[in-house]
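Student: sequence and computational prediction follow.
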Amino acid sequence: MTRTTMPDILAGLSIAGLLLPEAVAYSGLAGLPPQAGVVALFAGLVCYGLIGSSRFAIVSATSSSAAVLASATAALGGGTMAERVALASLLVIGTGLAFTLCAALRLGAISNLIARPVLRGYTFGLALVIVVKQWPHLVNLPTHSGDFFALVVELLRGYRAWQLPSLACGLVALAGLFVLERAPRVPGALVVIVASIIAAPLLAAHGVVLTGPIHLTLALPGFALPSGTHALGLVEFSLAVVFILYAESYGSIRTFALKYDESVQPNRDLLALGVANIVGGLLQGTPVGAGYSATSANEAAGARSRHAGLIAAAVVLVLVLAFLGWIERIPEPALAAIVIHAVSKSLRIAVFRNYFEWRRDRLVAVVAVLGVMVLGVLNGILVAIALSLVLLLRSLARPTLSILGRVGEHDYLNMERFPAATAVAGMLVVRPEEPLFFANAEPLLTQVREQVLAAPTAKVVVLSLEESPDLDSTSIEALGELCDWLSRRAVELRLARLKDSARDTLARVNLKQLPRDALHYASVDDAVRGHRITP
């Protein structure tokens, strides 16, 4: 036995005790039978263990994906359990296919479309929603409201109907989880579950609901859409699950890769998540991703390679086959406590402190929190993402043009910020502070014209485009119009610090006033002096 294998075996044994109870609990959160989470757990552990890149990542059902799946099946009209299972299978398969397509197209950076304030705000709001939606299971109270605030009101109005034995079971289990989390190598969830199973006969006698039968039969889903369901809706919700799962998974994988100076292979991980979700969907499981809590537990348990996940899958299989009858006796309040404990780490106000201290992205974070609570799990994240992109476009579409002056022999700085900088006689040196693109090209180059009119002695305009990695067609056309306008006034235009992509684009366009040999001013100083670099 190698030194690497033994730590992986110990880690696999340790995290199996965490993963199995969570899998059963997240099935209920997704509105599916208990076996859905167990099947998904096998698919995630095995597929990622064979294909994935991270040696710490544990791919299983997550609280966020389970909540999104529940919301999606409800929105698509899954009224009965059979309809929810059918819709969930199609959604999970669609999620897997989307992951696989992204891997084929090498779109490993898609998680960057969700800004960190959006993700943190969404996670915080989702944690609140999950806690409130688990409370009826904690107190054994049937509810009818689906919206966050309506459910809170219903729970408060029905407090007299709360079942105290059920509440006591849940609170004791929750307290046990918080106490045991201080011992990282102790599978707290497993300890709590075993204790609750031992107490199950007594709890059931006092009206506490148990999990009930778990049918681990492998059957392919029906691929016919339930009546009234549109394929477009399935596609939209599958893409929403992809965004959320990959943002969460990539964050977990990247965190531990940075900690151990290891490389990240996002496209390989996309493929692994795609295969895991396709297999899980075919077996009627929940969506799976690399959740931070399970991944950090694996790292804390001493895992050295992806073998730890494969070993955990084998251990879970043994536990299910040997103790399925006992698993069916888990009290529902204990499962609700596991879910609440899992999301409690996201309920930390401190994660927003920097945004308010820096005065950056406060609105985006708050909208993400409120969006989930007011608009629901799916619409909330979409609104927050849309808002972050709108604010980005708004900032880029309000271009700032800096007038540069010389400091010393070769340096050029913003004259407004550095009074010591002096203008170059007969020249106007300007620099856009944002990338030039379709939304700001015309207003920015209009500012250049205004500066030229304000400096009638300037016969050369030096335009530094160091902030622009490339130029789109609108920018090129606007630049051509500026060239014509300057040419009619006998003013020469020199472009400085062009990026390679922008230079190649302008070389193909071949503007009359900007021939190929006029695109090689390596610095502002070179452009001012007329010194070109020969490629």
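Tutor: Noted; the coordinates are in hand.
Student: only C-alpha atoms for contact and neighbour calcs from this point on.
Tutor: Noted.
Student: ok now do the residue of the chain positioned farthest from its centre, which residues does it touch?
Tutor: The centre of the chain is farthest from one residue, T457, which by CA atoms, centre = their mean lies 53.3 Å away. Contacts were defined as CA atoms under 8 Å, 6 or more residues apart in numbering; by that measure T457 touches 426-427.
Student: any idea how far it is from M427?
Tutor: T457 sits 8 Å away from M427 when distances are taken as CA to CA, to the nearest Å.
Student: ditto for R353
Tutor: R353 sits 46 Å away from M427 when distances are taken as CA to CA.
Student: so which of the two has more stuff around it?
Tutor: Neighbour comparison, R353 and M427: the larger count goes to M427, with 20 against 12 (by other CA atoms under 10 Å).
Student: that one: what's it in contact with?
Tutor: Taking CA under 8 Å, 6+ apart as the contact definition, M427 lies against 457-462, 528.
Student: now do 7 Å
Tutor: M427 makes contact with 458-461, according to CA atoms under 7 Å, 6 or more residues apart in numbering.
Student: also T474?
Tutor: Residues in contact with T474, defined by CA under 7 Å, 6+ apart, are 437-438.
Student: now the helix or strand where it lies: how far from the chain's centre is it?
Tutor: Under the assignment given by DSSP states H and E, the secondary-structure element containing T474 is helix 473-488. Relative to the chain's own centre, helix 473-488 is displaced by 40 Å; criterion: CA atoms, centre = their mean, to the nearest Å.
Student: can you tell me the element L245 falls in?
Tutor: If you go by DSSP H and E, L245 is part of helix 231-259.
Student: can you give me the buried ones in that helix?
Tutor: By neighbour count on 16 or more other CA atoms under 10 Å, the buried set for helix 231-259 is 234-254, 256-257.
Student: any weak-confidence spans in the stretch 1-150 of the chain?
Tutor: By pLDDT under 70, the weakly predicted segments of the stretch 1-150 of the chain are 1-4, 110-113.
Student: all helices of it, in order?
Tutor: 5-29, 34-51, 63-75, 81-104, 116-139, 148-157 (DSSP state H, counting those that start in this stretch).
Student: can you redo the ones you listed as JSON lines with distance to I340?
Tutor: Supplementary listing: the helices of the stretch 1-150 of the chain in JSON lines, determined by distance: least, CA to CA, whole Å:
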{"stretch": "helix 5-29", "distance to I340": "10"}
{"stretch": "helix 34-51", "distance to I340": "17"}
{"stretch": "helix 63-75", "distance to I340": "9"}
{"stretch": "helix 81-104", "distance to I340": "23"}
{"stretch": "helix 116-139", "distance to I340": "6"}
{"stretch": "helix 148-157", "distance to I340": "16"}
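Student: of all these, which lies closest to L404?
Tutor: Closest of the helices of the stretch 1-150 of the chain to L404 is helix 116-139, at 34.2 Å (criterion: CA to CA).
Student: doesn't Y412 belong to a helix?
Tutor: No. Using DSSP: H, G, I helix; E, B strand; the rest coil, the secondary structure at Y412 is strand, not a helix.
Student: how about it, nearest residue that isn't a chain neighbour?
Tutor: Taking CA to CA, 6 or more residues apart in numbering as the measure, Y412 lies nearest to R406, with 4.5 Å between them; neighbours along the chain are not counted.
Student: partners of that neighbour in the sheet?
Tutor: According to DSSP bridges, Y412, T422 are recorded as the beta-bridge partners of R406.
Student: burial count for it?
Tutor: 20.
Student: try R359
Tutor: Residue crowding around R359 was assessed by other CA under 10 Å; the count is 10.
Student: how much space separates it from L465?
Tutor: As defined by CA to CA, R359 lies at a distance of 28 Å from L465.
Student: the helices of the stretch 1-150 of the chain into a markdown table, with extra columns for mean neighbour count?
Tutor: Compiled in a markdown table, these are given as follows (neighbours: other CA atoms under 10 Å):
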| stretch | mean neighbour count |
| --- | --- |
| helix 5-29 | 24 |
| helix 34-51 | 26 |
| helix 63-75 | 23 |
| helix 81-104 | 23 |
| helix 116-139 | 24 |
| helix 148-157 | 15 |
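Student: for T211, which of those helices is the nearest?
Tutor: By CA to CA (comparing all of the helices of the stretch 1-150 of the chain), the closest turns out to be helix 34-51, at 7.8 Å.
Student: counting by contacts, list what the closest one packs against.
Tutor: In terms of contacts (3 or more CA pairs under 7 Å, 6 or more residues apart in numbering; DSSP states H and E), helix 34-51 is packed against helix 5-29, strand 59-60, helix 266-282, helix 307-327.
Student: quick one: contacts of the longest one?
Tutor: Applying CA under 7 Å, 6+ apart, the external contacts of helix 5-29 come out as 33-38, 41, 61-63, 66-67, 185, 187, 189-190, 297-298, 301-305, 307-309, 311-312, 315-316, 335-336, 338-339.
Student: next one: the residue most central in space within the chain from I327, what distance?
Tutor: Ranked by distance to the mean C-alpha position of the chain (CA atoms, centre = their mean), the top residue is A247 at 2.2 Å. From A247 across to I327, the span is 32 Å (CA to CA).
Student: and E477, by the same measure?
Tutor: Plainly put, E477 is 68 Å away from I327 if you go by CA to CA.
Student: tell me which of these two has more neighbours.
Tutor: Each of E477 and I327 has its neighbours counted (other CA under 10 Å); I327 has more, 23 against 17.
Student: need the contact list for the more buried one.
Tutor: Contact partners of I327, counting by CA under 7 Å, 6+ apart, are absent.
Student: 10 Å - rerun?
Tutor: Taking CA atoms under 10 Å, 6 or more residues apart in numbering as the contact definition, I327 lies against 20-21, 24, 34, 193-194, 197, 210-214, 319-320.
Student: for L141, which non-adjacent residue is closest in space?
Tutor: The shortest distance from L141 to any residue that is not its chain neighbour, by CA to CA, 6+ apart, is 6.0 Å, and that residue is W162.
Student: and for A397?
Tutor: Looking at A397 with CA to CA, 6+ apart, the closest residue is N440, at 4.7 Å.
Student: so F356 sits against R362, correct?
Tutor: Yes. With contacts counted by CA atoms under 10 Å, F356 reaches R362, the gap being 5.9 Å.
Student: pick out whichever of these two has more residues nearby.
Tutor: Looking at F356 and R362 with other CA under 10 Å, you find the greater number of neighbours at R362, namely 18 against 12.
Student: so what's the backbone phi/psi at that one?
Tutor: When quoted as degrees, to the nearest 10, the phi and psi of R362 stand at phi -60, psi -40.
Student: measure the nearest residue to it once chain neighbours are set aside to L50 for me?
Tutor: Counting by CA to CA, 6+ apart, the nearest residue to R362 once its immediate chain neighbours are dropped is Y355, at 5.5 Å. Y355 sits 39 Å away from L50, going by CA to CA.
Student: then D411?
Tutor: With CA to CA as the criterion, D411 and L50 are 55 Å apart.
Student: ok so, going back, contacts only, for the residue nearest to A397.
Tutor: Applying CA under 10 Å, 6+ apart, the residues contacting N440 are 393-400, 434, 446, 474-475.
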